[in-house]
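*Asks:* when you get a sec, could you give me coordinates for this:
(4 chains)
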2 protein chains.
Amino acid sequence: MADEGGSNAGDAGAERISEAEHAVMEALWARSPQTAAEVCATVCEERGWSMPTVKTLLSRLVAKRALATQPDGRRFLYTPIIARREYVGHESRRLVERLFGGRAAPLFAHLAENEALTEEDIAEIEHLLKEMRK
Amino acid sequence: MADEGGSNAGDAGAERISEAEHAVMEALWARSPQTAAEVCATVCEERGWSMPTVKTLLSRLVAKRALATQPDGRRFLYTPIIARREYVGHESRRLVERLFGGRAAPLFAHLAENEALTEEDIAEIEHLLKEMRK
DNA sequence: CCATTCAGATTACAAACGTAATCGTAATGC
DNA sequence: GCATTACGATTACGTTTGTAATCTGAATGG
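*Replies:* Next comes the predicted model:
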């Protein structure tokens, strides 16, 4: 797989994961390692994909250094290299940056206005705020 | 310009705006209407684009029904059709959906943990919560 | 041993994107 | 009036993404 670059020791960089790829990552974050077939069992149904599609996505994710493979007999086991928290944090920050000039409050205000916040959310957030105040 | 489809009367759907296109939208949300040259004056510097690039993005945005044009002598004035609030709300919800299963609290928790929240943000959010409680 | 099967690898291909050069034409300066 | 400009329109082209078919080689059943 002719990996270019190499020598990415502390490489948390992990080039942009696309939306389809993200679905595959989710499956592996939920449980890992998994074989391609296992991943497909999860996502192919959810998204109406076929096996080859999943294979492609897995390969691309390996190329992007988001997944690691470990041989298991004649097939591979895939495991996430980048943590979900990391990815989620990155994406969240990106959005807040892009849409709200880096300030989180407007995002919150927006979600609040559009009733995208459930009672539960509100309670939870209040709780978090209390925690932070401590 | 052979606009295909047509007949999108109540079309608030506005097909997905890409990131580059978004930059153009921001310029026009900030002030409108503007000519292509004016938009370029703003974004070409910010993003290191050239005039033709801006023209292309403007055209695509018109095709996507995100912008309206009104002739002004020999050139066009561009005005957003979709409101910023709408776009921002849409994108926010998309992210929350994709990354947090539609729940906003975890997003908030994430931002909190990663110190992506300033004191100001927190104060503001507390205020908003108080408002909502009313 | 040989055919079948089952992995991953390679190749494909259209749509969307990012970025831009070029074309055609209307205005404008002499 | 004609050359130059200043627009928008058209065309271009490499990359990424979504989605998949095909190829190749190893394992496995007989």
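
*Asks:* residue ranges for the helices of chain A, please.
*Replies:* Assigned by DSSP state H, the helices in chain A fall at A:19-30, A:36-47, A:51-63, A:84-100, A:104-113, A:119-133.

*Asks:* what comes up buried for the last one?
*Replies:* Of the residues in helix A:119-133, those with enough neighbours to count as buried (16 or more other C-beta atoms under 10 Å in any protein chain shown) are A:121-122, A:124-126, A:128-129. Backbone N, C-alpha and C define where each C-beta goes, glycine included.

*Asks:* what's that helix in contact with?
*Replies:* Residues from elsewhere that reach helix A:119-133 (C-beta atoms under 8 Å, 6 or more residues apart in numbering or on different chains): A:117, B:103-105, B:108-109, B:112, B:122, B:125-126, B:129, B:132.

*Asks:* pull out the CA atoms of the worst-scoring helix or strand of chain A on mean pLDDT and give them to me as CSV.
*Replies:* Each helix and strand of chain A was given a mean pLDDT (mean pLDDT, DSSP states H and E); the minimum falls on helix A:104-113 at a mean of 82. Extracted C-alpha coordinates of helix A:104-113, given in CSV (Å, rounded to 0.1, in the frame of the first residue of the first chain):
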residue,chain,number,x,y,z
ALA,A,104,-19.8,28.3,21.7
ALA,A,105,-22.5,30.4,23.3
PRO,A,106,-24.1,31.3,20.0
LEU,A,107,-24.2,27.7,19.0
PHE,A,108,-26.0,27.0,22.2
ALA,A,109,-28.4,29.8,21.7
HIS,A,110,-29.2,28.5,18.3
LEU,A,111,-29.9,25.0,19.5
ALA,A,112,-32.0,26.5,22.2
GLU,A,113,-34.1,28.7,19.9
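
*Asks:* same question for stretch A:37-48, mean pLDDT?
*Replies:* Stretch A:37-48 carries an average pLDDT of 92.

*Asks:* that stretch near chain B anywhere?
*Replies:* No - using C-beta under 8 Å from any C-beta of the partner chain, stretch A:37-48 never reaches chain B; the gap is at least 12.8 Å.

*Asks:* buried sites along that stretch?
*Replies:* Those would be A:38-40, A:42-43, for stretch A:37-48 by 16+ other C-beta under 10 Å.

*Asks:* residue contacts, A:Cys40?
*Replies:* A:49, A:51, A:54 are the contacts of A:Cys40 under C-beta under 8 Å, 6+ apart.

*Asks:* okay, now the closest residue to A:Ser92 other than its chain neighbours: neighbour count?
*Replies:* Of all residues not flanking A:Ser92 in the chain, B:His110 sits nearest, at 5.5 Å (C-beta to C-beta, 6 or more residues apart in numbering or on different chains). Residues contacting B:His110 under the criterion other C-beta atoms under 10 Å in any protein chain shown number 20.

*Asks:* was I right about B:His110 contacting A:Tyr87?
*Replies:* No - counting by C-beta atoms under 8 Å, B:His110 stays clear of A:Tyr87, with 10.8 Å between them.

*Asks:* residues of chain A that sit close to DNA strand D?
*Replies:* A:16, A:18-21, A:47-50, A:52-53, A:55-57, A:73-74 (C-beta under 7 Å from any atom of the strand).

*Asks:* how about 10 Å then?
*Replies:* Counting by C-beta under 10 Å from any atom of the strand, chain A comes close to DNA strand D at A:15-24, A:43-44, A:47-60, A:63-64, A:71, A:73-75.
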